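Undergrad: Got a predicted structure here, sequence first:
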Amino acid sequence: MVFLMAGTFFYRGFSYSRLVIGFAGVFSLFFLTGSHFLGYFLRVKFGRKQLKKVLIIGANKNGEMILRRIQRHPELGFLPIRSEKVEALESIVNELKIDEVIITLASSERDKILKVIDFCREKGIKFLILPDLYELLISSIGLGTLDGLPLIGLKKSPLERLGNRFLKRAMDVSLSFLVLLITAPVFLILACIIKLTSPGPVFFRQERIGFDNNKFRIFKFRSMYSGQKGSAWTEKDDSRCTKVGKFLRRTNLDELPQFFNVLKGEMSIVGPRPFASDDVEFQKIPYFSQRQRIKPGISGWAQVNGLRGGHIEPEERIRYDLYYIENWSIWLDFTILLMTPLSLKHAY
């Protein structure tokens, strides 16, 4: 609608009302949003009578990850059933009338995976396979040649291309400057409130891991009482947070100063979330270093999908980060930006 409105200023081929186009954009947004919420409500309220039974094969971390994801989204209409007994697959499917099968077995259990696939094909049951981190990494392979000899290697991330990096940086600088310009009064008001309601500095600084494992200091509005120690992660109703700080965290206003990090070139508006340099738990996960191939972001694909705060599902968060890196596009960034205001789950 923005592009259409802009185009109307340059085209005068016939008489029309730009106000009508503006109203169409507003009403489209209203009715589309309303229809999605209505569909969500109907699926949650009345869809339980027609639950689709999903059998999760595998009792490992991947199986737990799928189970939590299904339980987190009841609107999907899935009734999860877990089992690691591949030998009893036929009896389970026949007895429980399974509709779909999700295979979460480790790649080392190749024989079992093939057995489940053959069974599902024979019975005409839909099946899905969750790749492990290694399989996810090599899923983006590319084919090259050396003097006519074919060679297989990892395909470059779109952000390794100079043009894409320039485009993303241009978007970061322009949007950050615009946000800081518009929110300048908000900065002043929040700074005064923080200073008046609790002793200590206005800003919180912490060392984080950035692009290519380089360390930098991140800026945030202080949301805790000064001198607080303990876990680097906050829990719901954390006693270390001030009353103002709890509001800032719930609304993500505490992260506004990070736009200065973006202007300095240490961060991007969209990207994997930067972890603290002393956060060794995440750094132990296989292929953690792959997410450091691009600049960390204020928002990201993992955050807008509910994976934020605390050490929840670290491997799943890495999966989301790798997906973003391998499938980056300017439109994916815009999608994440549009989803960010609606993704405040676990913001505390």
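TA: The structure has been received and is ready for your questions.
Undergrad: looking at the protein, which helix or strand does the model trust least?
TA: Lowest by mean pLDDT, DSSP states H and E among the helices and strands of the chain is helix 133-138, with a mean of 58.
Undergrad: Chain neighbours aside, what residue packs nearest to K243?
TA: T197 (7.1 Å; CB to CB, 6 or more residues apart in numbering). All C-beta spots, glycine's among them, are computed from the backbone N, C-alpha and C.
Undergrad: Wait, the one you found touches G245, no?
TA: No: if you go by CB atoms under 8 Å, T197 and G245 don't touch, sitting 9.0 Å apart.
Undergrad: So which of the two has more stuff around it?
TA: A direct count of neighbours by other CB atoms under 10 Å for T197 and G245 places G245 higher, at 23 against 11.
Undergrad: Check the secondary structure at the more buried one for me.
TA: helix (DSSP: H, G, I helix; E, B strand; the rest coil).
Undergrad: List the contacts of the closest residue to it other than its chain neighbours.
TA: The spatially closest residue to G245, leaving aside those adjacent along the chain, is S223, at 2.9 Å (CB to CB, 6+ apart). By CB atoms under 8 Å, 6 or more residues apart in numbering, the residues touching S223 are F204, C241, T242, V244, G245, K246, L248, R249, D254.
Undergrad: where do the strands sit along this protein?
TA: 52-57, 78-83, 100-103, 126-129, 141-146, 149-154, 203-209, 215-221, 268-270, 297-299 (DSSP state E).
Undergrad: Nearest to I330, out of those strands?
TA: strand 268-270 (9.8 Å; CB to CB).
Undergrad: Give the other helices and strands that the closest one contacts.
TA: Counting contacts by 3 or more CB pairs under 8 Å, 6 or more residues apart in numbering; DSSP states H and E, strand 268-270 packs against helix 162-182, helix 258-263, strand 297-299, helix 330-339.
Undergrad: Could I get the buried residue list for the last one?
TA: Same thing as helix 330-339. D333, I336, L337 (16 or more other CB atoms under 10 Å).
Undergrad: got it, and the longest one?
TA: Of the residues in helix 162-182, those buried under the neighbour-count criterion (16+ other CB under 10 Å) are K168, M171, D172, L175, S176, L180.
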